[in-house]
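K.L.:
from the sequence below, what's the structure:
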Amino acid sequence: MRKVAAFTLASMVLAALSASPREALAIERQHHFGLDPTLALLKVDDKSSVSTALGLGAHYTYGLNDQFNFMAELNASFMLEGEKLADATTPHTRPTQIGHALVGVGYVIDILRWVPYFGILAGGYRLAGGTLDNQLVVIGGAVQVGLDYQLSRQWAVGGAAQQHFLVTKMSDYPSYTTLMLRFEYMWGY
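P.N.:
Numbers count the residues shown, from 1 in each chain. Presented below is the predicted three-dimensional model:
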């Protein structure tokens, strides 16, 4: 009976070791720099449809420790349909450009090649063009969720979604969402 129990225990330990990941690739003090093609969706309060934009962003991440990363990003998007100065009745709230610069902290689960994370960022937004009388600079923040796949120690691909809050203009722009593909290079261990 003891031999069967010892054999069963040894089999379970061997199975657990063989099923564990070969190496964990997300590491503290690691730098990440990447480019982010972006689809942006901006809801303007006085418009019946959502404004759709395409853009490009760049991000930098630094591993503070095993769980937390410093995050910084820049992004610029341009509306696809192009808001026109159609007539005097068109509201002056419809931009053709929106960009942001944000910094924050992210929580990462770094034990697999698949690296899920979420973050909270704050910063500034710039809206310009279209029917706006002047460019707007707005204070706000974002909540981000993402999933990266580490191809190697140096390269990763992934996707992320952000829900933005344009705090000083929430009544005019109640919803701003960005969906991003992520391509990044990593260094430092």
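
K.L.:
residue closest to the middle of the protein?
P.N.:
The chain has Ala160 as the residue nearest its centroid, 4.2 Å off, counting by Cα atoms, centre = their mean.

K.L.:
now that residue: which helix or strand?
P.N.:
Assigned by DSSP states H and E, Ala160 falls within strand 155-165.

K.L.:
can you give me the strands in the chain?
P.N.:
Using DSSP state E, the strands of the chain run over 31-43, 51-63, 68-79, 97-108, 114-128, 136-150, 155-165, 175-187.

K.L.:
counting neighbours, what do you get for Phe68?
P.N.:
Per other Cβ atoms under 10 Å, the neighbour tally for Phe68 reads 16. Just so you know, the C-beta spots here come from the backbone N, C-alpha and C atoms, and that holds for glycine as well.

K.L.:
that one and Gly106 touch, don't they?
P.N.:
Yes: assessed by Cβ atoms under 8 Å, Phe68 is found in contact with Gly106 at 6.9 Å.

K.L.:
just send the strands of the chain back as CSV, with distance to Thr89 too.
P.N.:
Formatted as CSV, the strands of the chain follow (distance: least, Cβ to Cβ, whole Å):
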stretch, distance to Thr89
strand 31-43, 20
strand 51-63, 18
strand 68-79, 20
strand 97-108, 23
strand 114-128, 21
strand 136-150, 21
strand 155-165, 28
strand 175-187, 24
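
K.L.:
turn those into JSON lines, including mean pLDDT.
P.N.:
Below are the strands of the chain laid out as JSON lines (pLDDT from 0 to 100):
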{"stretch": "strand 31-43", "mean pLDDT": "97"}
{"stretch": "strand 51-63", "mean pLDDT": "96"}
{"stretch": "strand 68-79", "mean pLDDT": "96"}
{"stretch": "strand 97-108", "mean pLDDT": "96"}
{"stretch": "strand 114-128", "mean pLDDT": "96"}
{"stretch": "strand 136-150", "mean pLDDT": "96"}
{"stretch": "strand 155-165", "mean pLDDT": "97"}
{"stretch": "strand 175-187", "mean pLDDT": "97"}
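
K.L.:
which of the ones you listed sits closest to Pro91?
P.N.:
Closest to Pro91 of the strands of the chain, according to Cβ to Cβ: strand 51-63, at 12.5 Å.

K.L.:
buried residues in the closest one?
P.N.:
Ser51, Ala53, Gly55, Gly57, His59, Thr61, Gly63 (16 or more other Cβ atoms under 10 Å).
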